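A.B. asks: sequence first, then the predicted structure, then my questions.
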Amino acid sequence: MAAVTFIFRNYLREMLKKEGAAGSSFLHHFDRKASIKDVIESLGVPHPLIDRLKVNGAEVGFDYILRDLDIIEATPLTPPVNPFIPNILRPEALPRIAFVVDVNVGKLALHLRTLGFDAVYENDTRDGRLAGIAYAQKRILLTRDISLLKRKIVMHGYLLRAQDPTRQLIEVVRLYDLSSHIKPLSRCIPCNGLLVPVSKETILERLEPLTRKYYDSFHICEKCKKIYWPGSHQEKIVAFVQEVLKAVRQDENQNT
């Protein structure tokens with residue numbers, strides 16, 4: 001029976017199901033031809049969480065076929081991840097930053113939209129459709145479901161470790177180095193549509209009397225046609241953004 005040595009770095013070790021795999025390295029025996037991706041996922045680690053794979057010191061792709069006495073080192077996604085740069089594991093780079101969010105972290109989608117990021121979320125979407133959206137629309141899949149990330153067509157994805165939605169947002173912003181890409185008040189939070197300026201005259205009949213009297217600057221969602229104007233909610237959003245950026249900086253300082 002053939003045997004290989006696995007070395008899983010950092011948080012990847014927490015996902016291992018194999019008994020006796022808690023140390024820095026362990027032996028794994030196998031008796032049939034298998035790709036490195038299939039074996040790693042059988043051990044409990046979803047392939048999208050891996051940033052680099054080395055076999056005997058050389059980088060390999062997910063289709064590498066394991067051989068007797070191989071030494072495999074798996075390194076996880078670590079900030080900052082740049083999905084715009086192709087690599088051997090993900091030869092097709094993403095054209096833009098866009099997300100699809102699982103129902104188990106649904107509030108995260110609203111937070112991402114608050115910061116101006118494109119985040120698709122449907123509370124009744126099945127796992128297969130989520131994976132399909134991530135693949136077809138070239139989006140990063142965010143979830144707390146390990147089995148969802150193991151779907152073959154998912155290339156860009158992340159398993160959120162925090163349970164609190166704000167901490168999840170901080171995880172994502174830090175992981176993908178998004179601080180400089182934040183554009184609050186640019187996207188409709190309920191529907192994910194983009195906001196565009198609209199003249200007061202064209203929407204006058206839709207405004208309440210006090211809004212009509214005190215406000216002159218308006219935006220409208222291209223998708224759902226919801227109207228936005230300056231108000232106390234904007235101050236809350238700006239304060240929220242500052243809170244997130246401060247927490248990102250604190251996390252970065254603690255990990256340097």
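C.D. replies: Good, I have the coordinates.
A.B. asks: pLDDT wise, what is residue 23 at?
C.D. replies: With respect to pLDDT, residue 23 scores 66.
A.B. asks: what about residue 205, neighbour count?
C.D. replies: 7 (other Cβ atoms under 10 Å). (Glycine included, C-beta is placed from N, CA and C.)
A.B. asks: cool, and residue 54?
C.D. replies: Residue 54: 14 neighbours (other Cβ under 10 Å).
A.B. asks: wait, it touches residue 70, no?
C.D. replies: No. Using Cβ atoms under 8 Å as the test, residue 54 is too far from residue 70 to be in contact (10.2 Å).
A.B. asks: can you show me the strands along this structure?
C.D. replies: In the chain, the strands defined using DSSP state E lie at 2-8, 26-30, 50-55, 58-59, 71-76, 98-101, 118-120, 140-143, 157-159, 195-198, 218-221, 227-228.
A.B. asks: tabulate those (JSON lines), appending mean pLDDT and distance to residue 182.
C.D. replies: Putting those into JSON lines (pLDDT from 0 to 100; distance: least, Cβ to Cβ, whole Å) gives the following:
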{"stretch": "strand 2-8", "mean pLDDT": "95", "distance to residue 182": "33"}
{"stretch": "strand 26-30", "mean pLDDT": "92", "distance to residue 182": "41"}
{"stretch": "strand 50-55", "mean pLDDT": "98", "distance to residue 182": "24"}
{"stretch": "strand 58-59", "mean pLDDT": "98", "distance to residue 182": "33"}
{"stretch": "strand 71-76", "mean pLDDT": "98", "distance to residue 182": "25"}
{"stretch": "strand 98-101", "mean pLDDT": "98", "distance to residue 182": "14"}
{"stretch": "strand 118-120", "mean pLDDT": "97", "distance to residue 182": "13"}
{"stretch": "strand 140-143", "mean pLDDT": "98", "distance to residue 182": "16"}
{"stretch": "strand 157-159", "mean pLDDT": "97", "distance to residue 182": "18"}
{"stretch": "strand 195-198", "mean pLDDT": "97", "distance to residue 182": "15"}
{"stretch": "strand 218-221", "mean pLDDT": "96", "distance to residue 182": "17"}
{"stretch": "strand 227-228", "mean pLDDT": "94", "distance to residue 182": "17"}
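A.B. asks: need those strands in TSV (columns: distance to residue 249).
C.D. replies: Below are the strands of the chain laid out as TSV (distance: least, Cβ to Cβ, whole Å):
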stretch	distance to residue 249
strand 2-8	29
strand 26-30	37
strand 50-55	23
strand 58-59	32
strand 71-76	22
strand 98-101	22
strand 118-120	23
strand 140-143	22
strand 157-159	20
strand 195-198	27
strand 218-221	29
strand 227-228	29
